[in-house]
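Colleague: When you get a sec, could you give me coordinates for this:
(3 chains)
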Amino acid sequence: MKALRNTWYVAAWDFEVEPGRILARRLLDEALILYRDERGGPLAAADRCPHRLAPLSAGRLEGGALRCMYHGLLFDSAGRCIDVPGQEHISPNLKLKTYPVAERDRLIWIWMGDAALADPALIPDAHWLAAPDWRAKPGYIHYDRANYVTIMDNLLDFSHLGFVHENTLGGGRVSAEVKPQIERFEWGLRISRLYSNTPLAPYLKGLAKFDGPVDRWQIYDWRVAGNLLSMDFGSAPAGVGALEGARPPEALVFHTVQALTPETEGSTHYFWAAANGFELDNPTVTEEIHRQTAIAFAEDKFIIQAQQAVIDEHPHERMTGIAADAGLQQGRAILGRLLQAEAEREAAA
Amino acid sequence: MKALRNTWYVAAWDFEVEPGRILARRLLDEALILYRDERGGPLAAADRCPHRLAPLSAGRLEGGALRCMYHGLLFDSAGRCIDVPGQEHISPNLKLKTYPVAERDRLIWIWMGDAALADPALIPDAHWLAAPDWRAKPGYIHYDRANYVTIMDNLLDFSHLGFVHENTLGGGRVSAEVKPQIERFEWGLRISRLYSNTPLAPYLKGLAKFDGPVDRWQIYDWRVAGNLLSMDFGSAPAGVGALEGARPPEALVFHTVQALTPETEGSTHYFWAAANGFELDNPTVTEEIHRQTAIAFAEDKFIIQAQQAVIDEHPHERMTGIAADAGLQQGRAILGRLLQAEAEREAAA
Amino acid sequence: MKALRNTWYVAAWDFEVEPGRILARRLLDEALILYRDERGGPLAAADRCPHRLAPLSAGRLEGGALRCMYHGLLFDSAGRCIDVPGQEHISPNLKLKTYPVAERDRLIWIWMGDAALADPALIPDAHWLAAPDWRAKPGYIHYDRANYVTIMDNLLDFSHLGFVHENTLGGGRVSAEVKPQIERFEWGLRISRLYSNTPLAPYLKGLAKFDGPVDRWQIYDWRVAGNLLSMDFGSAPAGVGALEGARPPEALVFHTVQALTPETEGSTHYFWAAANGFELDNPTVTEEIHRQTAIAFAEDKFIIQAQQAVIDEHPHERMTGIAADAGLQQGRAILGRLLQAEAEREAAA
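Modeller: Residues are numbered from 1 along each chain as shown, chains lettered A, B, ... in the order given. Now for the predicted structure:
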């Protein structure tokens, strides 16, 4: 499925765009470069010189200006050509296509639609990645063979936890039997899954300071525009009130941020981090939750890409719904409505 | 060329479908799974869950039932969904597409056309692979880049023996000069090639207990539906009457079964075995004929796939016939008639 | 872009076509074989047997005749079939498609258009590759992902020297600032670039017997039909009159021949040699200029193939001209005219 354009997407982790280096990355099927100006501010542009289309990712930074290393044209941070070797007058047509970008919460955000609509106030909250009361390690997965919607489906239906993640996130049949509460908003869905008196998930065994059954919660927002999942989740000893909101000191309290940015129609960037809100002075906790989550997310990638291959081979085959599809059906409905609105706005323009 | 659907094809060797394991295999451009029920009987189904098309080859066998390991749906051996985790009522639309299969002569046979026509009595005879008076070692070649008809052409024209198999099956120019007798039937062709007083083929040198020239015979049936070759062949000392049917004890008597099952339009499964009907207590004979035949069949694969690449690049280029093409021309004519009949039956349905 | 057919192209270096061996090579999107007859003369034919399209590159030379190793057909040097094993009468339709070829100046030339027009007198001069007063080592680059016109663009605009070849051919901004003289002919362009009192190019440092600034010249013909560049170039101590034609004994005097032969529309053979006309008895000079040029040409390949990928992704994106494009614009104009003339001639035939 095509992607919305008039929204902020995660383009990169901040550390991927090193000062003095040019990062080549494809987003929404557009080959881009990401780099920094002289003061360190992020910049994004099309990865092609307007002269003869040589890729600027093979170019060179000279201060905050960008030199194409085929014929030497130089572009300033606004995309204007400011030097053509051997030529005095420079045509204003020699203009680089640039994109609004912003850096916040350790992420570089990009707006690839109408630049006039790119309001930084619309950048979603991801403060758990940067705030002092959380610890997060940046994660990234390249889905080389999956449309972002197939991954979205997975994130909106946690009934798969007991099967895909039997030995990691775990949950067994209960993850399918616990009925999620789904609230629908203009911007997306809020989904709450509460598990009472259930075994601790296998992948958390090394982190818990307590034994016995737990109360477990997964409460997340799925923001359809930009494909952003923001989830409060964790486990606490059963019966201490965690499902009613209590967070005793020994509780394992986490917040993940997961963002899907289409690379092409058939591939997707998946930026993620699972921040821990406890034992802030113990970096092994952050390392361990990162390591375990990465294993579970690789399980998702395996089944999602395998599923995508079947879907691609049978584009007209109808799927058959089950009750657990409620979340993904609503998510797809919102996405469809937003895509249609964007198409209508473009047609009217 | 497309393949006939209303016929039995070899889907696998029996040992490839291990109890408790799921074998993923593509046949006639359909991704399938092959597995066994609780009593060991073979089963075949489409490799996609009717829920959201996840591949069932990534699933799990629970007794004779098959669990999709994405969301946990369970299917019985008839393809009916018998468990949806977290849900009571199960829609009858949650039905797996299954195919008739049968196990005979160490082969798993499949019928991918109209299941109502799948009469086990139509399964071709391949008893040489399993009978007590023969010894056979299963062989398999994956033609990753050849339509089955290009391989059929090769099997219907042995004039290539002296060139492609100069140092293995051998025969030199004589294999082109001996005129085959070709009999045409509804089901295909019977081709007989008798070589009188000729050198022993290079690849049989290690197996013969006699010296000097031989009489050599190759008498085979090509069954067009299902692409099955069944050949009585061998060599005996010249002049003892082998070409009239005598089989003296020292004769090297063989029977091959070779079956082509289209994988896609551009790739083919090639199941084969060369059974020996002599020295039954000496397993090295069977090993040696298998080894030597595999070398010769690799020679075929090389030239056939190279030829296929040229054909694919020049789809409209006419071939120019020679006398030796008689067999393959007749084989193609029968195939064309059967394909047309099947198309007409489908159009009428 | 498509290629002209009615012209001589370089098919191979002479040594690539070894006596008794068959060389398979694709030229102008046609799979060919190159080989030699009994007297050593070069031959070229389509790489497919007219019988059933098996590739003849898998065949065998028998004297000057070519045997297809599928069914044994034999072809003489004129492409006539002279043996069909097991058959007396041979159809004249069993004819191999052959192409005019010629061997000159250590190159094998081929004419892939109308054979009646293949006049050997039209073969371009490349005597620097073979003459006693020059020394040349054959070079070859396979452009696996570039149309020949994208490489032609590069050869017609040396303003890239200071950027692509900053540390090899060198020149810095001066290579963009020195205005070339461009003369236009029916057959192509003559381009002269004279650099007065400039630093010696980095890659020549090991070859010069003098210090200090140099006068540098690059005077080349680009023959549009056949894509042949023939360049007189070199450096001499500044002020001794090199730019007016003087060639003092210490001057570094070179002549390159560079020929682009389309392999497919997206890939190109690049034959080249940089002959030296000084220190003829010192083979290390020839080795060194070859080695250094190969490094520089790999720099070109990198940027050209990267550019080609962008062009292929944006086939309708307009390029924006700069003054340095004058040569390539004229070269493309001549090519366009020749292609149109060829198309009109074909339409009229």
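Colleague: I'd like to know how far A:I182 sits from chain B.
Modeller: In this structure, A:I182 and chain B are 14 Å apart, going by C-beta to the nearest C-beta, to the nearest Å. (C-beta placed from N, C-alpha, C; glycine too.)
Colleague: Sheet-wise, list the partners of the strand or helix carrying that residue with their directions.
Modeller: Per DSSP states H and E: A:I182 is located in strand A:181-184. Here strand A:181-184 has these sheet partners by DSSP bridges: strand A:188-198 (antiparallel).
Colleague: buried ones in the strand it pairs with?
Modeller: For strand A:188-198, burial by neighbour count (16 or more other C-beta atoms under 10 Å in any protein chain shown) applies to A:188-189, A:191, A:193-195, A:198.
Colleague: Just the closest of those to chain C, please.
Modeller: A:G188 (32.4 Å; C-beta to the nearest C-beta).
Colleague: re the thing from before, so for the strand holding A:I182, mean pLDDT?
Modeller: Mean pLDDT, strand A:181-184: 97.
Colleague: try stretch A:72-83
Modeller: Stretch A:72-83 comes out at a mean pLDDT of 97.
Colleague: residues of the strand holding A:I182 that come out buried?
Modeller: A:I182.
Colleague: Residues contacting it, please?
Modeller: Residues outside strand A:181-184 that contact it (C-beta atoms under 8 Å, 6 or more residues apart in numbering or on different chains): A:189-193, A:326-327, A:330, A:334.
Colleague: Tabulate the CA atom coordinates of it in CSV.
Modeller: This file holds the C-alpha atoms of strand A:181-184, laid out as CSV (Å, rounded to 0.1, in the frame of the first residue of the first chain):
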residue,chain,number,x,y,z
GLN,A,181,-10.0,-2.9,24.8
ILE,A,182,-9.8,-0.8,21.7
GLU,A,183,-10.5,2.9,21.6
ARG,A,184,-10.7,4.7,18.3
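Colleague: quick one: it to chain centroid distance?
Modeller: 21 Å (C-alpha atoms, centre = their mean, to the nearest Å).
Colleague: what's the answer for stretch A:157-168, then?
Modeller: 21 Å.
Colleague: Please list the residues outside that stretch that contact it.
Modeller: A:154, A:169-176, A:180, A:191, A:193, A:201-203, A:218, A:292, A:295-296, A:299-300, A:303, A:324-325, A:327-328, B:67-72, B:85-86.
Colleague: Looking at the buried residues of strand A:188-198, which is nearest C:P262?
Modeller: A:G188 (52.4 Å; C-beta to C-beta).
Colleague: Just list whatever residues bridge to the closest one.
Modeller: Assigned bridge partners for A:G188, using DSSP bridges, are A:R223.
Colleague: Look up how far B:L328 lies from it.
Modeller: As judged by C-beta to C-beta, to the nearest Å, A:G188 and B:L328 stand 62 Å apart.
Colleague: tell me the pLDDT at the closest residue to chain B within the stretch 101-250 of chain A?
Modeller: Scanning the stretch 101-250 of chain A for the residue nearest chain B gives A:A176, at 3.5 Å (criterion: C-beta to the nearest C-beta). pLDDT for A:A176: 82.
Colleague: from the middle of its chain, how far away would the host helix or strand of it be?
Modeller: Using DSSP H and E, A:A176 maps to helix A:174-177. Helix A:174-177 sits 26 Å away from the centroid of its parent chain (C-alpha atoms, centre = their mean).
Colleague: Please save the CA atoms from that helix in PDB.
Modeller: Backbone C-alpha positions of helix A:174-177 (Å, rounded to 0.1, in the frame of the first residue of the first chain) are rendered in PDB as follows:
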ATOM      1  CA  VAL A 174      -3.900 -16.300  27.000                       C
ATOM      2  CA  SER A 175      -2.500 -13.600  24.800                       C
ATOM      3  CA  ALA A 176      -5.300 -14.600  22.300                       C
ATOM      4  CA  GLU A 177      -7.900 -15.100  25.000                       C
END
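Colleague: give the contact list for the residue in the stretch 151-300 of chain A that chain C sits nearest to.
Modeller: Nearest residue of the stretch 151-300 of chain A to chain C, counting by C-beta to the nearest C-beta: A:T264, 11.0 Å away. With contacts defined as C-beta under 8 Å, 6+ apart, A:T264 is in contact with A:26, A:29.
Colleague: 6 Å instead, please
Modeller: Residues counted as contacts of A:T264 (C-beta atoms under 6 Å, 6 or more residues apart in numbering or on different chains) are A:D29.
Colleague: Please apply the same query to the one 10 residues further on.
Modeller: Contacts were defined as C-beta under 6 Å, 6+ apart; by that measure A:A274 touches A:254, A:256, A:289, A:293.
Colleague: what's next to the helix holding A:A176, contact-wise?
Modeller: For helix A:174-177, contacts defined as C-beta under 6 Å, 6+ apart pick out A:158-159, A:161-162, A:198, B:85-86.
Colleague: Among these, name the ones in strands.
Modeller: A:T198 (DSSP state E).
Colleague: Can you tell me which of the contacts of helix A:174-177 are buried?
Modeller: Applying a neighbour-count criterion of 16+ other C-beta under 10 Å, the buried members of the contacts of helix A:174-177 are A:158-159, A:161-162, A:198, B:85-86.
Colleague: Which positions within the lowest-mean-pLDDT helix or strand in chain A qualify as buried?
Modeller: Least confident helix or strand of chain A, by mean pLDDT, DSSP states H and E, is helix A:174-177 with a mean of 82. For helix A:174-177, burial by neighbour count (16+ other C-beta under 10 Å) applies to A:174-176.
Colleague: Which pLDDT value belongs to the residue lying closest to A:L200 once chain neighbours are set aside?
Modeller: Using C-beta to C-beta, 6 or more residues apart in numbering or on different chains and skipping residues adjacent in sequence, the residue nearest A:L200 is A:V214, 5.1 Å away. Predicted confidence (pLDDT) for A:V214: 96.
Colleague: does A:V214 really touch A:G234, like I thought?
Modeller: No. In this structure, A:V214 is not within contact of A:G234 by C-beta atoms under 6 Å, at 9.0 Å.
Colleague: So which of these two has more stuff around it?
Modeller: With neighbours defined as other C-beta atoms under 10 Å in any protein chain shown, A:V214 and A:G234 compare such that A:V214 has more, 26 against 22.
Colleague: Show me what that one is bridged to.
Modeller: Assigned bridge partners for A:V214, using DSSP bridges, are A:T198, A:P237.
Colleague: List the contacts of it.
Modeller: Per C-beta under 6 Å, 6+ apart, neighbours of A:V214: A:200, A:235, A:238.
Colleague: So the nearest residue to A:P120 once chain neighbours are set aside: helix, strand or coil?
Modeller: Among residues not flanking A:P120 along the chain, A:A102 sits closest, at 5.2 Å (C-beta to C-beta, 6+ apart). Following DSSP: H, G, I helix; E, B strand; the rest coil, A:A102 is assigned to strand.
Colleague: what are the bridge partners for A:A102, then?
Modeller: A:W109.
Colleague: So it is in contact with A:W109, correct?
Modeller: Yes. Here A:A102 reaches A:W109: they are 4.8 Å apart, a contact under C-beta under 6 Å.
Colleague: who's more crowded, these two?
Modeller: Ranked by neighbour count (other C-beta under 10 Å), A:A102 and A:W109 place A:W109 first, with 27 against 17.
Colleague: My read is that the more buried one contacts A:E103, right?
Modeller: No. With contact defined as C-beta under 6 Å, A:W109 does not count as touching A:E103 (7.5 Å).
Colleague: For the stretch 151-300 of chain A, which segments count as helices?
Modeller: A:161-164, A:174-177, A:283-313 (DSSP state H, counting those that start in this stretch).
Colleague: from those helices, which stretch is densest packed?
Modeller: The highest average neighbour count among the helices of the stretch 151-300 of chain A, using mean count of other C-beta atoms under 10 Å in any protein chain shown, belongs to helix A:161-164 at a mean of 24.
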